[in-house]
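turn this into a model:
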Amino acid sequence: MSPPEQLKASTVNARNITLEWVWTEPLYYNLSLICQVNINHSETNTITEKFGVGLHFVVLNDLIPHWTYDVKVRCGTTPHFWKWSSWSTGTNFNTKGDVPDALDVWRQVTGNHVIILWKMPLDNQSHGHIEDYEVTWAKTADRKPNRTKFHNKDRAELSLDTSEEYIVTVTARNAYGSSSPSTVVIPSLNPDGTERVNTSQVIGSNGSISLSWSASPTASCGYIVDWCRTLECSNVEWLKVAPGETSASIFSKTFIGGVRYSFSVYACTQEAPVLLERREGYVHEKSMEDNLFKLKFKQQGSDVVVSWDQINLRKQSAFIRGYVLYCEANNKIINNVSTDNTDATSLKVENLSTGFYKFRLKAKTTDGECGTTEIAATLDSQTDTMVSSVVICLVTVFVVLSLITVLCYRHWACIKRKVYPPIPKPVLTEKWFTSQGENHFLRVDQHHSEGDTVNVSELHCNSVALENGYISQENMPFVFSQTPKGYYNQPLKISIPPPLTFTTTAVSSQSEAPCSPFKGVFRNPSYNLIMQKCTTGDQQSNSDPELQEGTPLERSSSGYQPQSITETLTVNQTTDDLESPVSCVSTYILLPKSPSN
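Have a look, this model is predicted:
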């Protein structure tokens with residue numbers, strides 16, 4: 001057959017046209033014909049076959065609005081369908097425009113910051129120039145929408161309350177109208193603004209990532225897989241998978257080898273999408289650079305512990321499967337230890353002798369050992385280590401003591417008052433100082449010590465009258481007698497035995513020292529002082545009395561047995577002080593030792 005002629009598009013719509021041609025042979029209008037239409041657009045060829053008697057036009061459907069096509073036709077008879085005519089001369093036409101297709105919409109949630117994303121429509125989807133995009137959002141509860149428009153953008157950043165559920169719709173508008181709204185639901189999230197799910201590892205191959213997951217009964221409209229860089233998830237990409245499919249091979253021109261990506265699998269539902277799984281992986285793992293670790297070492301006896309910090313994910317171009325530490329001495333590896341714990345931060349090399357060593361740490365990956373980092377160390381003997389520790393301790397103690405000494409010196413007066421307060425002098429309640437202008441020294445006896453001379457200023461006493469050989473009850477003196485159970489006080493009976501001589505120590509003064517008669521016996525509990533009453537006589541004795549069984553010192557050193565001593569002392573007294581002689585009975589008084597003596 002001859003090819004069709006005068007090929008043209010007679011009726012052109014947005015999605016269909018009527019294509020007509022003319023037969024040069026009138027007989028062809030009566031034949032049963034089969035014709036093929038070759039539709040060419042954007043490097044795509046489609047051949048459509050049409051049948052009919054005298055076929056001279058066809059209707060082409062499912063065309064792309066606002067699109068350019070190039071077509072040509074050839075025909076043959078039905079009985080001889082393999083005998084085609086030549087292709088007709090081609091013709092082209094443009095379909096009319098239409099509203100854009102519905103947008104492919106997704107979202108990214110970071111805290112209370114929500115980013116609504118959509119894919120910019122392609123030419124075969126926009127059906128004309130896109131003038132703007134309109135985004136509306138509202139809480140599910142109240143449905144009071146907010147609206148905003150964007151020009152030449154593929155995202156809208158919204159500040160939403162993530163504790164509430166929102167419905168967001170996006171439409172595209174061109175000269176022919178707006179697209180159908182695309183809806184995405186923002187669910188209410190955890191208080192920290194995250195969706196919790198377990199994370200596993202995945203490794204890509206040939207520049208792509210292959211994922212598979214378990215089917216979910218909630219996935220009524222399929223699945224959504226999105227991905228972004230793990231550390232800087234600013235540009236999110238996603239892929240929608242048809243219902244019933246549980247695997248996807250993901251390829252993107254933005255994939256970079258040695259960069260870790262996070263992949264999330266969601267179930268598409270009539271409500272909010274449900275996160276099912278999360279993966280992390282590399283499209284292609286690369287060997288990590290050397291000197292990656294910051295090493296430190298510590299000697300523990302004959303062992304050495306090498307430690308390091310965790311590596312930043314930005315520097316990890318592959319998954320770390322473990323660590324290995326090599327110990328080298330004299331350019332020869334003498335030991336190595338390893339671990340498969342990816343969270344380990346130290347390794348120990350044991351039983352090393354004193355000397356110089358090099359330690360090399362490497363990370364184990366599927367691409368081999370990499371990230372080699374070296375540190376040198378010299379092992380000291382235990383003695384040196386101990387001496388250093390002792391010296392440090394001594395210096396520390398010296399500094400602390402010096403500080404304490406300085407502080408104590410500066411505050412010594414306050415410390416002395418608190419720790420060693422002054423001892424008050426004994427307070428005597430009876431008036432027993434009567435003499436004026438002169439001081440007398442009384443010899444006292446203290447246990448286990450020599451007799452000390454104590455300055456007693458101006459003794460005053462009153463005369464005591466004897467009644468029937470006894471002191472009156474009011475001024476009754478007491479003498480200590482030793483009993484099996486201790487000491488007790490007894491009334492002292494005054495008797496006047498033959499005079500005893502004893503040595504007295506007197507202080508010379510300008511005037512004659514008067515006798516100091518005591519008004520009565522007094523007791524000082526602080527020092528166990530005991531004094532007996534004395535009476536004043538007419539004469540002053542010039543000799544020491546002979547003490548019974550030795551002197552008080554001798555009795556004290558040989559086990560002093562307290563007993564009453566009755567003495568008669570005659571002293572000269574001025575007529576101004578006392579007109580009648582008074583008998584004086586004295587005993588030893590224990591007084592505190594003077595600091596000056």
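
outline the domain layout of the protein.
The chain resolves into domains spanning 5-94, 105-186, 199-282, 295-380, 431-597 when parsed by automatic domain parsing.

got any ranges where this protein has weak pLDDT?
For the chain, the stretches with pLDDT under 70 are 190-195, 382-386, 427-597.

ranges for the helices of it?
Applying DSSP state H to the chain gives helices spanning 123-126, 382-410, 412-419, 552-557.

can you list those helices in JSON lines and add mean neighbour count and distance to Val58?
Heads up, the C-betas are built off the backbone N, CA and C, glycines and all. Shown next, in JSON lines, are those (neighbours: other C-beta atoms under 10 Å; distance: least, C-beta to C-beta, whole Å):
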{"stretch": "helix 123-126", "mean neighbour count": "16", "distance to Val58": "22"}
{"stretch": "helix 382-410", "mean neighbour count": "10", "distance to Val58": "98"}
{"stretch": "helix 412-419", "mean neighbour count": "10", "distance to Val58": "117"}
{"stretch": "helix 552-557", "mean neighbour count": "16", "distance to Val58": "150"}
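
between these, which gets nearest to Ala329?
Among the helices of the chain, the nearest to Ala329 by C-beta to C-beta is helix 382-410 (19.0 Å).

packing partners for that closest one?
Counting contacts by 3 or more C-beta pairs under 8 Å, 6 or more residues apart in numbering; DSSP states H and E, helix 382-410 is packed against no other helix or strand.

OK, contacts around the closest residue to Glu285 other than its chain neighbours?
Once flanking residues are discounted, Glu285 sits nearest to Ala318: 3.7 Å by C-beta to C-beta, 6 or more residues apart in numbering. Going by C-beta atoms under 8 Å, 6 or more residues apart in numbering, Ala318 touches Gly258, Tyr282, Glu285, Lys286, Ser287, Met288, Thr365, Thr366, Asp367, Cys370.

mind putting those into a markdown table with neighbour count and distance to Trp227?
What follows is these, written out as a markdown table (neighbours: other C-beta atoms under 10 Å; distance: C-beta to C-beta, whole Å):
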| residue | neighbour count | distance to Trp227 |
| --- | --- | --- |
| Gly258 | 15 | 16 |
| Tyr282 | 24 | 12 |
| Glu285 | 20 | 17 |
| Lys286 | 16 | 19 |
| Ser287 | 15 | 24 |
| Met288 | 21 | 23 |
| Thr365 | 20 | 22 |
| Thr366 | 10 | 21 |
| Asp367 | 15 | 22 |
| Cys370 | 19 | 25 |
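
quick revisit: next, format the helices of the chain as JSON lines and append distance to Lys332.
JSON lines is the format used below for those (distance: least, C-beta to C-beta, whole Å):
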{"stretch": "helix 123-126", "distance to Lys332": "68"}
{"stretch": "helix 382-410", "distance to Lys332": "25"}
{"stretch": "helix 412-419", "distance to Lys332": "65"}
{"stretch": "helix 552-557", "distance to Lys332": "85"}
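
touching, Glu285 and Asp367? I think so.
Yes: look at Glu285 against Asp367 with C-beta atoms under 8 Å: they come within range, at 5.3 Å.

relative to Gln6, which of the helices of the chain is closest?
So among these, helix 123-126 is nearest, using C-beta to C-beta, at 29.4 Å.
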